[in-house]
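Undergrad: What would the 3D arrangement of this be:
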Amino acid sequence: MVTQEQRRRQLAREKFLRQQQRRTSARRKAHARNAVIASVLGVIVVGSVVSYATGVFKKDDDKSNAAAEATPSASPSKAPDPCDKAAAGKVKSLTYKKEPAITIDKSADYTMKLQTTCGAIDIDMPASKAPHTVNSFSFLAGKGYLDHTKCHRLTTNGIYVLQCGDPQGTGTGGPGYTIPDENLKDKRLKGDVYPAGTVAMANQYNAQTKEGRDSGGSQFFLVFQDSQLPANYTPFGTISESGMKVLKKIAAAGESTGQGDGTPNATVVIDKATVTKS
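TA: Predicted coordinates:
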């Protein structure tokens with residue numbers, strides 16, 4: 001016969017097992033969510049088929065992903081647009097066959113100023129830490145490549161970034177050349193965290209297959225809150241205090257899906273980008 005004490009212990013064990021199962025399930029869901037969100041930072045283009053992917057999500061079901069994007073689960077109310085009307089002008093259609101020769105002073109600091117519809121964002125770029133990246137942006141800004149381009153993606157769940165630098169405004173564009181990964185051992189990335197104020201490159205790296213290194217182009221992301229990410233994306237700049245205020249204003253307006261990953265509600269357009277030696 002099972003005593004009352006034995007029955008009590010059995011029920012306690014069963015309750016403990018149920019709690020452990022719920023916790024394990026919750027951890028798995030959180031891990032999957034953050035990995036999917038991190039895919040905003042990678043762009044893979046194969047012919048006319050485009051998929052956002054990093055790590056194990058490179059082989060996600062394209063049909064289910066497309067359906068999810070085409071039919072959002074809800075129609076969230078859109079927050080007021082805190083930004084001004086874009087300056088007159090059109091995005092230039094520019095493509096280059098190879099990375100430009102390095103012409104910057106590798107020992108100097110440079111400042112990239114993004115004059116956006118939401119306010120000015122200044123980015124300090126030490127050339128010694130990421131010379132190829134800083135030189136590339138100096139070249140592109142000089143050609144007007146970033147002028148009139150939209151910042152096309154805002155992520156506010158899991159990671160906290162605004163992504164810019166695509167002339168097409170879709171997450172698929174680039175300058176036609178790629179640049180090497182740099183500065184991946186930066187001390188700021190300790191613990192696989194990109195701290196608020198960091199500016200880093202998007203790329204096509206797949207952590208599962210170890211393919212896609214040195215695939216940065218013109219797309220970059222600005223971190224407005226500490227974000228848990230593996231050190232796979234070149235950190236090349238730091239946002240000024242006034243620039244962070246602008247970035248947080250953009251983030252506060254939210255994104256279009258209500259799910260934490262979509263087009264910014266704020267109409268963020270880079271009216272003019274310049275790079276100067278500090």
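
Undergrad: just the helices in the chain please.
TA: For the chain, helices defined by DSSP state H occupy the ranges 4-38, 62-70, 131-142, 241-252.

Undergrad: Which elements pack onto the last one?
TA: Using 3 or more CB pairs under 8 Å, 6 or more residues apart in numbering; DSSP states H and E as the contact test, the elements touching helix 241-252 are strand 119-126, strand 153-157, strand 159-164. Where C-beta positions appear, they are placed from N, C-alpha and C, glycine not excepted.

Undergrad: burial count for residue 95?
TA: 11 (other CB atoms under 10 Å).

Undergrad: Spatially, what comes nearest to it if we skip its sequence neighbours?
TA: Of all residues not flanking residue 95 in the chain, residue 176 sits nearest, at 3.9 Å (CB to CB, 6 or more residues apart in numbering).

Undergrad: Same question for stretch 192-199: list its buried residues.
TA: Neighbour-count burial for stretch 192-199 flags 193-194, 196-199 (criterion: 16 or more other CB atoms under 10 Å).

Undergrad: end to end, how far does it reach?
TA: End-to-end distance for stretch 192-199, by CA to CA, to the nearest Å: 15 Å.

Undergrad: which residues does residue 98 contact?
TA: residue 177 (CB atoms under 8 Å, 6 or more residues apart in numbering).

Undergrad: switch to 10 Å and redo it
TA: For residue 98, the contact set (CB atoms under 10 Å, 6 or more residues apart in numbering) comprises 176-178.

Undergrad: buried residues in stretch 270-278?
TA: Neighbour-count burial for stretch 270-278 [16+ other CB under 10 Å]: 270-273, 275.

Undergrad: Stretch 220-233 too?
TA: Neighbour-count burial for stretch 220-233 [16+ other CB under 10 Å]: 220-224, 227, 229, 231-233.

Undergrad: For that stretch, measure first residue to last.
TA: Counting by CA to CA, you get 9 Å between the two ends of stretch 220-233.

Undergrad: Which residue is the nearest non-sequential neighbour of residue 153?
TA: Counting by CB to CB, 6+ apart, residue 153 lies nearest to residue 163, which is 4.2 Å off, once chain neighbours are set aside.

Undergrad: do residue 268 as well
TA: Computed as CB to CB, 6+ apart, the closest residue to residue 268 that is not its neighbour in sequence is residue 151, at 3.9 Å.

Undergrad: again with residue 240
TA: Computed as CB to CB, 6+ apart, the closest residue to residue 240 that is not its neighbour in sequence is residue 122, at 4.1 Å.

Undergrad: Since that was my last question, I'll sign off now.
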